[in-house]
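*Asks:* just to be clear, the model below is a prediction. Sequence and coordinates:
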Amino acid sequence: MKMTTGVEQAVYALLLLNRLPKNAVLSGESLSQQLQVSPTYLQKLMRKLVQAGLVSSVPGVKGGFRLIADPASIHIYDVFVAVEGVEALYRSNGVFQAVFQLKENRTCLLSDVMNEAEHAWRTILQRTTIASLHDAVQDTASDDSIHKVDAWLKEKMVR
């Protein structure tokens, strides 16, 4: 399994938006610079988060993005689904059935293992939220780095 960097970038964008004061927005241009991605790519990524109901897009010169969902209710799995979709990570080609001619009418014994692994992975992502990541950042990041991010946000946010 290989996940795109879009999930990481989306989580980081949500963490930044979570640090904004109420009613403030952060422009797409500022977000794209901070994430070091093109404005076009950022717009596609943020559109997925808007469609998932996690952020809102405020149009206009003083527009941008703001978090609308409660950070304690935004699970990392929600972000993954918004960015990557809900397709299963593994799909059997029927090799086990074709080669071993299994007694039971099963597509693939390996599917059982992969489904269990996917369930465990999903469970972990569903118990981690933007709020819990925010708290972890607060606990583990240096005060200097937190102050730099907050100063950058204060400079770039629009009210």
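*Replies:* That came through, no problem. Numbers count the residues shown, from 1 in each chain.

*Asks:* phi first, then psi, for Val158.
*Replies:* phi -120, psi 140 (degrees, to the nearest 10).

*Asks:* what about the residue lying closest to it once chain neighbours are set aside, distance to Glu118?
*Replies:* Of all residues not flanking Val158 in the chain, Lys62 sits nearest, at 4.7 Å (CB to CB, 6 or more residues apart in numbering). Every residue, glycine included, has its C-beta placed from N, CA and C. Using CB to CB, to the nearest Å, Lys62 is found at 43 Å from Glu118.

*Asks:* compare these two (neighbour count), which wins?
*Replies:* Glu118 (14 against 10; other CB atoms under 10 Å).

*Asks:* could I get the CA-only coordinates of the helix or strand containing the more buried one as PDB?
*Replies:* In the assignment (DSSP states H and E), Glu118 maps to helix 109-127. Listed next in PDB are the C-alpha coordinates belonging to helix 109-127 (Å, rounded to 0.1, in the frame of the first residue of the first chain):
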ATOM      1  CA  LEU A 109      -7.500 -16.900   1.500                       C
ATOM      2  CA  LEU A 110      -5.100 -14.000   1.300                       C
ATOM      3  CA  SER A 111      -8.200 -11.700   1.200                       C
ATOM      4  CA  ASP A 112      -9.000 -12.700   4.800                       C
ATOM      5  CA  VAL A 113      -5.500 -11.600   6.000                       C
ATOM      6  CA  MET A 114      -5.600  -8.400   4.000                       C
ATOM      7  CA  ASN A 115      -9.200  -7.500   5.200                       C
ATOM      8  CA  GLU A 116      -8.100  -8.000   8.800                       C
ATOM      9  CA  ALA A 117      -5.000  -5.800   8.200                       C
ATOM     10  CA  GLU A 118      -7.100  -3.100   6.600                       C
ATOM     11  CA  HIS A 119      -9.600  -3.300   9.500                       C
ATOM     12  CA  ALA A 120      -6.800  -2.800  12.000                       C
ATOM     13  CA  TRP A 121      -5.300   0.100  10.100                       C
ATOM     14  CA  ARG A 122      -8.700   1.700   9.700                       C
ATOM     15  CA  THR A 123      -9.400   1.300  13.500                       C
ATOM     16  CA  ILE A 124      -6.200   3.100  14.400                       C
ATOM     17  CA  LEU A 125      -6.900   6.000  12.000                       C
ATOM     18  CA  GLN A 126     -10.400   6.200  13.400                       C
ATOM     19  CA  ARG A 127      -9.200   6.700  16.900                       C
END
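
*Asks:* with that, I have no additional questions.
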